[in-house]
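Undergrad: The sequence isn't on hand, but the structure is:
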């Protein structure tokens with residue numbers, strides 16, 4: 001059994017989701033949104049993100065992190081802020097010895113919905129369905145849970161491959 005923390009980083013709000021893996025099943029544990037103080041400069045907002053994630057890690061003890069990679073944002077400034085938020089999130093997890101797994105947004109959507117061009121609503125619906133939730137999670141929380149599910153599916157696929165195939169892609 002492993003516990004996976006998924007994160008959908010942002011400089012104003014960051015979604016998080018925690019799932020447990022039991023055999024071939026992914027079980028919902030928790031999810032939510034960390035809202036960062038928009039009236040503060042970026043540094044203190046990143047501090048709130050780091051502290052909040054440390055509290056989540058303390059409470060749920062995840063084994064691994066699945067996080068969405070940076071995509072081209074509306075502006076270079078937005079991309080930089082997103083990169084800073086990702087860095088704060090990754091640092092909180094790496095400081096706890098957690099391996100970090102990064103996935104492109106299209107890869108996450110493909111793993112959860114079946115198409116890399118899925119809408120936010122489709123991701124929310126499939127996360128609700130896959131995790132047997134009574135209602136669809138909010139957008140950012142659904143995206144974080146989708147990242148965790150993507151890692152769960154990717155890990156399971158790799159485990160089914162023979163060891164010689166898995167090691168071919170590694171550098172020597």
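TA: Now that the structure is in, tell me what you want to look at. The structure displayed is predicted, hence computed values, not measured ones.

Undergrad: List the buried residues for the helix or strand hosting residue 16?
TA: Assigned by DSSP states H and E, residue 16 belongs to strand 13-22. Residues of strand 13-22 classed as buried: 13, 14, 15, 16, 17, 18, 19, 20, 21 (neighbour count, 16 or more other Cβ atoms under 10 Å). Any C-beta I mention is one placed from the backbone N, CA and C, and that applies to glycine too.

Undergrad: Stretch 23-32 too?
TA: So for stretch 23-32, counting by 16+ other Cβ under 10 Å, buried means 26, 28, 29, 31, 32.

Undergrad: Save these as a markdown table, and put in distance to residue 118 too.
TA: Listed next are those as a markdown table, based on distance: Cβ to Cβ, whole Å:
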| residue | distance to residue 118 |
| --- | --- |
| 26 | 18 |
| 28 | 20 |
| 29 | 23 |
| 31 | 18 |
| 32 | 22 |
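
Undergrad: Which members of these occur in strands, if any?
TA: 26, 28, 29, 31, 32 (DSSP state E).

Undergrad: In the sheet, which residues pair with the first one? Tell me.
TA: It refers to residue 26. With DSSP bridges applied, residue 26 shows beta-bridge pairing to residue 21.

Undergrad: looking at it, it is touching residue 152, isn't it?
TA: Yes: between residue 26 and residue 152 there is a contact at 5.0 Å, judged by Cβ atoms under 8 Å.

Undergrad: Residues that sit against both of those two, list them.
TA: residue 19 (Cβ atoms under 8 Å, 6 or more residues apart in numbering).

Undergrad: avg pLDDT for the strand holding residue 16?
TA: For strand 13-22, the mean pLDDT works out to 97.

Undergrad: how far out from the middle of the chain is that strand?
TA: 7 Å (Cα atoms, centre = their mean, to the nearest Å).

Undergrad: This structure: strands as residue ranges?
TA: Going by DSSP E, the chain shows strands at 2-8, 13-22, 25-35, 64-68, 100-103.
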